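Visitor: Using only what follows, build the 3D model:
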Amino acid sequence: MKLSELAERTLSEIAQGSPDLDISAAAGLDIAASGDITFLANPKYTAQLATTKASAIFLRENSKTDRSDLAVLRAKDPYLAYTLALRLFHPAMPLRAFVHASAVIDETAVVWAETEIHANVVIGRNCRVAAGVTIYPNATIYDGSTIGKNTVIHSGVSIRENSVIGENCIIHNNSTIGSDGFGYAKTDEKQWLKIPQTGRVVLEDDVEIGANTAIDRASVGETRIKRGAKIDNLVQIGHSCTVDEDALICAQTGLAGSSVIGKRVVLAGQVGIAGHLKVGDDAVVTAKSATSHDVENGKVISGIPAFDNREWLRSTAAYRKLGEMARKLREIENRITKMEKDR
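Guide: From the prediction side, this is the model:
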């Protein structure tokens, strides 16, 4: 692809280099080779500009380089431009419409002809699978579930009964959508009695679910993941939760039942959210943090229990000095004791 075409298709402008330069791939600064385009978004990697073997680079509008041999594309967001380039060089595989002979599809299910159904897929009663859907080997679609257009279901996925999967979703290997919520009532004999889980899970359009993630259905009502939300590997989402549009939930995070996660929220790795809480729009909970209270819109919180990130950073800095502070306190105490004895 010519540099000029690449610039046009990645929302960038040529600042240095020939428009006719051929670019064949995109790669990181440290592994890029001749013919590749790379990017610099994080200043900590600036030193790699001097050694990269790439032919071109995406830079911010105000960034500079002394490399006259390196073509430069200016972009408002170099990482976004690089992502667009990667998508150009690695387009999605086109659908191959077929149903493998070993697939088991109930006679009451409605499966459009333009679908790709691989080996040992099981599709239950009264399911609906729209055109453009790909279901990889050993996936199981329970009774009454619906899968929207152009969704991809990877191998080993289980979609439990009455789940609704929207259009253009991706569900990665071995995830379970619609597993029973964790609900029990204690009897007079102090034993746990299972509460029937009769609700459903709804994934709206453009949702992506990572590998080995579990999303529980509600005892009544629904668990809903709204449009554009992205959920990483090894995430647990409890019954009756709502995850709003474009939220980002990173690996090993757990949401207790009836949590409400707002629009564009970021929950970093290993975050814990207690039940019946609301995390407001655009809030960020940093890695390994847990909260037992609602979080305001736009708030950044850290720690266990989590509180304002800036205060947490100051507290963490003070915590590292506690040993020295204790030593000095003992010295002061000893001095005061000696002064009182000398009186």
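Visitor: What is the burial count for the closest residue to residue 290 other than its chain neighbours?
Guide: Nearest non-adjacent residue to residue 290, counting by Cβ to Cβ, 6 or more residues apart in numbering: residue 272, 3.7 Å away. Bear in mind the C-beta positions are built from the backbone N, C-alpha and C, glycine included. By other Cβ atoms under 10 Å, 20 other residues sit near residue 272.
Visitor: Make 28 the starting number, not 1.
Guide: Got it, first residue is 28 now, which makes that one residue 299.
Visitor: Show the contacting residues for residue 299.
Guide: 280, 281, 283, 316, 317, 318 (Cβ atoms under 8 Å, 6 or more residues apart in numbering).
Visitor: what's the closest of those to residue 69?
Guide: residue 316 (22.8 Å; Cβ to Cβ).
Visitor: show me where pLDDT drops low in the stretch 128-277 of the chain?
Guide: In the prediction, the stretch 128-277 of the chain carries no residues with pLDDT under 70.
Visitor: circling back: which of the contacts of residue 299 sit farthest apart?
Guide: Distance extremes for these: the farthest pair is 283 and 316 at 14.6 Å, using Cβ to Cβ.
Visitor: Compare the two (neighbour count), which wins?
Guide: Comparing residue 283 with residue 316 by other Cβ under 10 Å, the one with more neighbours is residue 316, at 24 against 18.
Visitor: Helices of the stretch 128-277 of the chain, residue ranges please.
Guide: With DSSP state H, counting those that start in this stretch as the definition, the stretch 128-277 of the chain shows no helices.
Visitor: picking up where we left off before, of the contacts of residue 299, just say which sits nearest to residue 143.
Guide: Using Cβ to Cβ, residue 280 comes nearest to residue 143 of the contacts of residue 299, at 31.3 Å.
Visitor: Surely that closest one is in contact with residue 288?
Guide: No. Between residue 280 and residue 288 there is no contact under Cβ atoms under 8 Å: 9.9 Å.
Visitor: Look at these two and report which has more neighbours.
Guide: More neighbours surround residue 288 than the other of residue 280 and residue 288, with 30 against 24 (other Cβ under 10 Å).
Visitor: List the residues that contact the more buried one.
Guide: Contacts of residue 288 by Cβ under 8 Å, 6+ apart are 268, 269, 270, 271, 274, 276, 282, 294, 300, 306.
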